[in-house]
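1. sequence first, predicted coordinates after that:
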There are 2 protein chains.
Amino acid sequence: MRYTHNYNPSISDDEIFLNILEEKEDIGYYNLVFQEISFYQEYAKTVKQKHIVVVGIGGSTLGTYAIYKFLKHSKELEKRLFFLETTDPIDIQSKLENVDLEDALFIVISKSGTTVETIAIFKYLHTLVKIDKTNCVVVTEDDSKLNSYAQQHEIKRFTIPKNVGGRFSVFSAVGLLPLSIVGINIESLLQGAKSIHDGFFYDKNGTRERLLKKARFFTEYKNRFNINVIFSYSSRLEGFNKWYIQLWGESLGKVDINNTRQGLTPIGIIGPIDQHSFLQLIVEGRRDKTVTVVKVENFDNDLKIPAVELEGLEELNYLNDRKFSDLINMQADATIEAINNLGDIPCDVITIDGVCESAIASLMYEYELLTSLCAKFMYIDAYNQPGVEGGKIILKEKLKIIQ
Amino acid sequence: MRYTHNYNPSISDDEIFLNILEEKEDIGYYNLVFQEISFYQEYAKTVKQKHIVVVGIGGSTLGTYAIYKFLKHSKELEKRLFFLETTDPIDIQSKLENVDLEDALFIVISKSGTTVETIAIFKYLHTLVKIDKTNCVVVTEDDSKLNSYAQQHEIKRFTIPKNVGGRFSVFSAVGLLPLSIVGINIESLLQGAKSIHDGFFYDKNGTRERLLKKARFFTEYKNRFNINVIFSYSSRLEGFNKWYIQLWGESLGKVDINNTRQGLTPIGIIGPIDQHSFLQLIVEGRRDKTVTVVKVENFDNDLKIPAVELEGLEELNYLNDRKFSDLINMQADATIEAINNLGDIPCDVITIDGVCESAIASLMYEYELLTSLCAKFMYIDAYNQPGVEGGKIILKEKLKIIQ
């Protein structure tokens, strides 16, 4: 008997890793950790305005919002960041109520340069304040129409590289420019991201094994555990949850090479609030969910429950003299233990170091890598979004017909 | 041949309706639409403070937040509402930064009276300001320990009826008291809820048929379409989405009488923002989702995109002179059309009248009824939450051991 074969299932860890290494030459987000950031910092120093208004939607705002929301109360930031990201007129007006238009810098962000929501808001801003190179900057692709508009008006331009997708763009100008302007340390951000990059690509600290194992689990059991819940134990992580939902949903909700519908459904909840909400469904509902608990190791905050006696409520005196940061982490631990006691819900725990730049950036880069890995295991393209084009075409038709 | 039988499947519309009628005698939320509200309104008139701080979590805050968030920018409210609802210390501090403690009324809401998060925060407030009957009011069950604390301090008390569950309590004192104080018209709220109540129970406007049909669909196809997405086309509905997630998840995530895990997974997303996020997963991902689009018929808002020419961006001139409210509704319609074109995603559309009390209350009462109906079809108890007790017990043990 003789035997030849081409059975090389590209499913071994090494094979997947090589696939990612190859992809890394084309897909831009991986290498953003190496970029030169001094020109963001230099520009940031020149910004005199106190109110920084990002005009954008989706990938142009979610990552920046995630980092800003996480850090803004723990840093002494001199400037405030606002996000105009929807066509809801009440939302636009209520946000602008808090903006001093005469002391505002508008950062218009659109990768394509022709995002309907962004340009609609940008046009509206022209009725409120004179927009020119003194109070406006754009972030877009090099050859976009927004870029050429900016060029004509000598408005400062920053580039989103063509090979960096919107939802993977937080560590490009999209996120680094506004964050640097309001006083977030973008060097520390990139260091945090780079620590995960190096861990994965140079195989340090078990990072590569951890990510490969998790991606393999998620995709091997994708039909059984189709829903991935991130249970973040800090309200500061609400923006991260939203960013994760976009990253996960839009990257992995795809048709594969066999024309089979893929997709892992992301859900983001916040502890302890959602212990009083979604947790019941996790515990007693169908076993179709994995749960990733995200904890903050060090809140760097001494807020305490005092030893106040409330007559009739003495049974709760065990709360006395505790730090809130300890209480919330004990609540997280109790939830983890309760879930693990059930024995049939896959659950992992990510503990980030603290409320600092490197911690949130590490978490986000970890999730970008995990998304890319899951896509590889599922034989889909993580970086396109063909499913949203249909609605865009219909909208354009409606807009052109109904004048 | 003779034949006797007891095959009376309780699955006909009439049978389900009779079940609900019977349940209505025990379960309190149904009849909240008939309650006397003048004593909330009378009390509200006596409140001098400008900052109203609700201390509570889960069902004690989510419904109130949903209504407040929906309405606050469209009404000229003289008072502001704040929510202290988590043990995250940074969240507590950052919210209190905006509160004038000397001009604040604290509404402490806990059905059981011993909610850990609520009492922890209440204790903390004692270190900031003197708490007494002049600046504090409690909402709790009649015989709770919080109630007896309030009694001893002559603090004003409002009652949550025992048979009104937390997540169904928005139209009790839980929601009506704080909303009335800040100037929301709670009579209109109840009228809105009552219009759905009457529609269902007195069979008007097709309400009964609509709700029964929808609940039947959701439960008949619960294994195929296990995820129910609400796609709300207004940022004002973000609070409603969160409230819905609690209502749906905690009510329907249960073990049924055959010990089979039930549960429909709720997801809330916001348009048009999440067209740039979750929509891709809906369109190309697995067919395990229903989609309910919620639209606002009349934003009562004239904000317009001006006919500003942006050189290079002329292709977007079709946006000129349009109202943002028309644009967002056209975006909703385009998304609905795109989904319907796919032909295999169940999709329904709820259009609420406007940004007013009766509209949001109708929507919320509709969802309360729908939840009760789904539970009946699934043979589960919508009103308990046994699954969250495990974690609470573990937390208490941890707290008592680690002193």
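-> Yep, it's here. Numbers count the residues shown, from 1 in each chain, chains lettered A, B, ... in the order given.

2. which stretches of the stretch 301-403 of chain A have low pLDDT?
-> A:402-403 (pLDDT under 70).

3. show me where it has helices.
-> Assigned by DSSP state H, counting those that start in this stretch, the helices in the stretch 301-403 of chain A fall at A:324-342, A:357-378, A:389-401.

4. before we move on, which element is the residue positioned nearest the centre of chain A in?
-> Central residue of chain A (CA atoms, centre = their mean): A:W243, 3.1 Å from the mean position. Following DSSP states H and E, the helix or strand that holds A:W243 is helix A:238-252.

5. run through the neighbouring helices and strands of that helix.
-> If you count contacts as 3 or more CB pairs under 8 Å, 6 or more residues apart in numbering or on different chains; DSSP states H and E, helix A:238-252 packs onto helix A:62-71, strand A:227-232, strand A:265-270, helix A:357-378, helix B:279-284. (Glycine included, C-beta is placed from N, CA and C.)

6. can you add mean neighbour count and distance to B:I196 and give these back as JSON lines?
-> Formatted as JSON lines, those follow (neighbours: other CB atoms under 10 Å in any protein chain shown; distance: least, CB to CB, whole Å):
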{"stretch": "helix A:62-71", "mean neighbour count": "26", "distance to B:I196": "35"}
{"stretch": "strand A:227-232", "mean neighbour count": "24", "distance to B:I196": "30"}
{"stretch": "strand A:265-270", "mean neighbour count": "25", "distance to B:I196": "28"}
{"stretch": "helix A:357-378", "mean neighbour count": "23", "distance to B:I196": "41"}
{"stretch": "helix B:279-284", "mean neighbour count": "27", "distance to B:I196": "27"}
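
7. reformat the helices of the stretch 301-403 of chain A as TSV; add distance to chain B.
-> Compiled in TSV, the helices of the stretch 301-403 of chain A are given as follows (distance: least, CB to the nearest CB, whole Å):
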stretch	distance to chain B
helix A:324-342	4
helix A:357-378	11
helix A:389-401	4
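
8. okay if I get these as JSON lines plus distance to B:W248?
-> As requested, the helices of the stretch 301-403 of chain A are arranged in JSON lines below (distance: least, CB to CB, whole Å):
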{"stretch": "helix A:324-342", "distance to B:W248": "20"}
{"stretch": "helix A:357-378", "distance to B:W248": "26"}
{"stretch": "helix A:389-401", "distance to B:W248": "25"}
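
9. out of those helices, which comes closest to B:K123?
-> B:K123 lies closest, by CB to CB, to one member of the helices of the stretch 301-403 of chain A: helix A:324-342, at 10.7 Å.

10. helix, strand or coil: sort out A:L189 for me.
-> Of the three states, A:L189 takes helix under DSSP: H, G, I helix; E, B strand; the rest coil.

11. on that earlier part again, which one of the helices and strands packed on helix A:238-252 lies nearest to A:L189?
-> Short answer: helix A:357-378, nearest of the helices and strands packed on helix A:238-252 by CB to CB, at 4.3 Å.

12. pop the domain breakdown of chain A in here.
-> A:29-184, A:205-378 (automatic domain parsing).

13. quote the end-to-end distance of the longest one.
-> Looking back up the chat, that one is domain A:205-378. End-to-end distance for domain A:205-378: 26 Å, by CA to CA, to the nearest Å.

14. how far away from the center of its chain is it?
-> Centroid separation for domain A:205-378 versus its chain: 14 Å, with CA atoms, centre = their mean, to the nearest Å.

15. just the angle for the helix holding A:W243 relative to strand A:227-232, thanks.
-> 160 degrees (axes from the mean of the first three to the mean of the last three CA atoms, to 10 degrees).

16. which of the helices and strands packed on helix A:238-252 sits closest to A:D143?
-> helix A:62-71 (23.3 Å).

17. for that closest one, enumerate the helices and strands it packs against.
-> Helix A:62-71 packs on strand A:80-84, helix A:173-182, helix A:238-252, helix A:357-378, going by 3+ CB pairs under 8 Å, 6+ apart.

18. name the residue of the stretch 301-403 of chain A that lies nearest to chain B.
-> A:G387 (3.3 Å; CB to the nearest CB).

19. was I right about that residue contacting B:F278?
-> No - between A:G387 and B:F278 there is no contact under CB atoms under 8 Å: 10.5 Å.

20. looking at those two, which is more packed in?
-> In this view A:G387 and B:F278 are compared by other CB atoms under 10 Å in any protein chain shown, and B:F278 has more residues nearby, 27 against 21.

21. for the more buried one, give me phi and psi.
-> Backbone torsions for B:F278, taken as degrees, to the nearest 10, come to phi -70, psi -20.

22. from what I see, it and A:E250 are in contact.
-> Yes - counting by CB under 8 Å, A:E250 is a contact partner of B:F278 at 7.4 Å.

23. A:S112 in helix, strand or coil?
-> coil.

24. pLDDT at it, what is it?
-> Predicted confidence (pLDDT) for A:S112: 96.

25. cool, and A:I109?
-> Per the predicted model, pLDDT is 98 at A:I109.

26. before we move on, back to that, for the residue nearest to the centre of chain A, which residues are in contact?
-> When contacts are counted by CB atoms under 8 Å, 6 or more residues apart in numbering or on different chains, A:W243 touches A:L62, A:G63, A:Y65, A:A66, A:R167, A:V170, A:M364.

27. what's the most distant pair in those?
-> Going by CB to CB, the pair spanning those furthest: A:Y65 and A:R167, at 12.8 Å.

28. the helix holding A:W243 versus strand A:80-84: what angle between them?
-> 40 degrees.

29. so which bits of helix A:238-252 are buried?
-> A:238-252 (16 or more other CB atoms under 10 Å in any protein chain shown).

30. returning to what we had before: now the residue of the stretch 301-403 of chain A closest to chain B, nearest residue through space, not along the chain?
-> B:V283 (3.3 Å; CB to CB, 6 or more residues apart in numbering or on different chains).

31. thought that neighbour was touching B:L342?
-> Yes - using CB under 8 Å, B:V283 makes contact with B:L342 at a distance of 6.7 Å.

32. which strand is the longest one in chain A?
-> strand A:289-298 (DSSP state E).

33. quick one: contacts of that strand?
-> Residues contacting strand A:289-298 (CB under 8 Å, 6+ apart): A:217-218, A:221, A:225, A:227-234, A:236-237, A:240, A:267, A:271, A:282, A:325, A:329, A:332, A:335-336, A:339, A:345-355, A:359, A:363, B:265.
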